[in-house]
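Colleague: Curious how this folds, go ahead:
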Amino acid sequence: MSDIVMIGVVIFVLLLFTKDLSTKDPNEKNKPNKHEKDKPNKPEEELGKIVKVIIEDAIEESEKKISDQSHLADTLKDLVDTLKKLPDSPYPNQPGIKEMLIQLKEAISSEKSLCDYDKDEALKQVNTLACAGQHPSNLVMLQPAKQAAQILREIIDKLPSAAKLAVTYSKLSTEIATILGL
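Modeller: Below is the predicted model of the structure:
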């Protein structure tokens, strides 16, 4: 939405600028100004270049946002697939690793304070923890799980302490670490 507004403002300024140029005396309109030969570009050409750059930047930023959201969707799909492979909690009134990681996924996905890049990275780390949860006795998965927990902590530490994700992680992190043997 802000890109569209920016383009609209640029077009509005362009229209005002060209209107001011067209208020010259009609007889002088076609006569070249003696200084025009010295100028490499006309003001409207310069303005056109500026408008072109602004529009290209807006398009590039929009494409980046779409790309980030695409990566986020792919990461989320991978995480959901991994979480489905985890066993349900053996205790009906107590969450297991699967349920805790689902809570963490939900908190990350809904956290408004995180940009798409950080959400993507946090979800990748949860996926690593979920992979470790599939084979908790596999020592090969221990080091990547420790690194994932550390990276996740670094991402969450950037958030305000009252953020939903920060609160959720502080409740779950110790239990997740215990279950995974971190």
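
Colleague: Going by C-alpha atoms from here, please, whenever you check contacts or count neighbours.
Modeller: Fine.

Colleague: Tell me where the model's unsure across the chain.
Modeller: 1-44, 60-69 (pLDDT under 70).

Colleague: the longest helix in it is where?
Modeller: helix 43-85 (DSSP state H).

Colleague: Distance from that one to the middle of the chain?
Modeller: Averaged C-alpha coordinates place helix 43-85 at 9 Å from its chain's average position (C-alpha atoms, centre = their mean, to the nearest Å).

Colleague: Over to stretch 139-153?
Modeller: For stretch 139-153, the distance to the chain centre is 23 Å (C-alpha atoms, centre = their mean).

Colleague: If we go by neighbour counts, what in it is buried?
Modeller: Within stretch 139-153, the residues that count as buried by 16 or more other C-alpha atoms under 10 Å are Met141, Leu142, Pro144, Ala145, Lys146, Ala148, Ala149, Ile151, Leu152, Arg153.

Colleague: Is it possible to get CSV of these that adds distance to Leu72?
Modeller: Output for these, formatted as CSV (distance: C-alpha to C-alpha, whole Å):
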residue, distance to Leu72
Met141, 24
Leu142, 25
Pro144, 21
Ala145, 20
Lys146, 22
Ala148, 17
Ala149, 19
Ile151, 17
Leu152, 16
Arg153, 19
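
Colleague: Considering those residues, which is situated nearest to Ser170?
Modeller: Arg153 (9.5 Å; C-alpha to C-alpha).

Colleague: For Pro160, which three-state class applies?
Modeller: Look at Pro160: counting by DSSP: H, G, I helix; E, B strand; the rest coil, its state is coil.

Colleague: Quick one: residues contacting it.
Modeller: With contact taken as C-alpha atoms under 8 Å, 6 or more residues apart in numbering, Pro160 is in contact with Ala166.

Colleague: What values do phi and psi take at it?
Modeller: Per-residue torsions, Pro160: phi -60, psi 150 (degrees, to the nearest 10).

Colleague: Glu121 versus that one, what's the distance?
Modeller: 18 Å (C-alpha to C-alpha, to the nearest Å).

Colleague: Repeat that for Pro95.
Modeller: 24 Å.

Colleague: cool, Lys77 as well?
Modeller: Distance from Lys77 to Glu121, by C-alpha to C-alpha: 14 Å.

Colleague: for Leu72, same thing?
Modeller: From Leu72 across to Glu121, the span is 9 Å (C-alpha to C-alpha).

Colleague: Neighbour count: those two, which is higher?
Modeller: Neighbour count, other C-alpha atoms under 10 Å: between Leu72 and Glu121, Leu72 has more, with 21 against 18.

Colleague: Hmm, the more buried one is touching Asp116, no?
Modeller: Yes. With contact defined as C-alpha atoms under 8 Å, Leu72 counts as touching Asp116 (6.8 Å).
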